[in-house]
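Trainee: Everything below, folded, please.
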Amino acid sequence: MQFFITGTSSGIGEALAKRALEEGHRVNGYSRRNSIKHPHYRHQSIDLSKLSSFTQLNFNLNKEAEKLVLINNAGWLGEVKPMGKLTPEKIDQVYRVNITAPAILTSLFLEQTENTGQERMIINISSGAGSYPVPSWSTYCSSKAALDMLTRVTQLDQPGVKCFSIAPGIVDTEMQGEIRRLDNDDFPEVQRFVDYKQKGDLAQPASVAKAIFSFVENPASAPSIVFSLRDL
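Mentor: Reported below is the predicted structural model:
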């Protein structure tokens, strides 16, 4: 398989890339910095908030691979403040990273690989926050909800491509650390996330990557197009 994964510098994206490489597959990773050194790993520095970053992308690189897998993993929590206190620039930026970039990458991937004859799969890493409101997370919740709908519509448009949006659960990533450092005035539920860490309730990126990779190999196990990893 040939994987194309965003956000490979840390967290779930890094763990997914390493898992794929361990299984003998090739990986193209996209992030602002690189943490992986492997002969079958190709890194491309990219800022997903900038439209100009997408002009040099090429998904038609490995004609020998039986299966091509795009994983839109990169995401950003954004500015965490009640609606009415958000800055216009931060609102724009979080939507660029969380929904505009996956939409562009998905469209480019489908267009460039349309006539290769290879099996294709698109996995969008979503969040449970896309299905319920969290105080002060207006842009994150709404962008993840949009990502779920993007996945559904893409599947309608491309019935020959397997498309899924997966909520990985609460994972011990840099974003969780960022949440725990938030001011209670900006995010009144901060203690809940501190408790997750203290009680050991956070999943590890490697275990999440293992579960997602197993799903890639057996997509028939999906309960629906949009689902939570815990439902597998």
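Trainee: for the chain, which spans come out with low pLDDT?
Mentor: Counting by pLDDT under 70, the chain contains no low-confidence range.
Trainee: just so I have it, where are all the strands in it?
Mentor: Counting by DSSP state E, the chain has strands at residues 2-6, 26-31, 41-45, 67-72, 119-125, 162-167, 226-228.
Trainee: Direction included, what does the fifth one pair against?
Mentor: If I follow you right, that is strand 119-125. Next to strand 119-125 in the sheet, as set by DSSP bridges, lie strand 67-72 (parallel), strand 162-167 (parallel).
Trainee: Return the set of buried residues in the first one.
Mentor: By that I understand strand 67-72. L68, V69, L70, I71, N72 (16 or more other CB atoms under 10 Å). No exception for glycine: its C-beta is placed from N, CA and C like everyone else's.
Trainee: Could you export those residues as a markdown table, including distance to G84?
Mentor: Output for the buried residues of strand 67-72, formatted as a markdown table (distance: CB to CB, whole Å):
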| residue | distance to G84 |
| --- | --- |
| L68 | 43 |
| V69 | 40 |
| L70 | 36 |
| I71 | 35 |
| N72 | 30 |
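Trainee: which residues does the most centrally placed residue in the chain contact?
Mentor: The centre of the chain sits closest to N73, judged by CA atoms, centre = their mean, with a distance of 1.7 Å. Going by CB atoms under 8 Å, 6 or more residues apart in numbering, N73 touches I5, T6, G7, T8, I12, G13, L16, I125.
Trainee: still on that earlier bit, with distance to F59 as added columns, please give the strands of the chain in CSV.
Mentor: Output for the strands of the chain, formatted as CSV (distance: least, CB to CB, whole Å):
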stretch, distance to F59
strand 2-6, 6
strand 26-31, 8
strand 41-45, 11
strand 67-72, 7
strand 119-125, 9
strand 162-167, 15
strand 226-228, 23
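Trainee: re earlier: now do the residue nearest to the centre of the chain against R181, distance only.
Mentor: Distance, N73 to R181, using CB to CB, to the nearest Å: 22 Å.
Trainee: Could you count how many residues lie near D47?
Mentor: For D47, the neighbour count with other CB atoms under 10 Å is 14.
Trainee: residues in contact with it?
Mentor: Going by CB under 8 Å, 6+ apart, the list of residues near D47 reads R32, S53.
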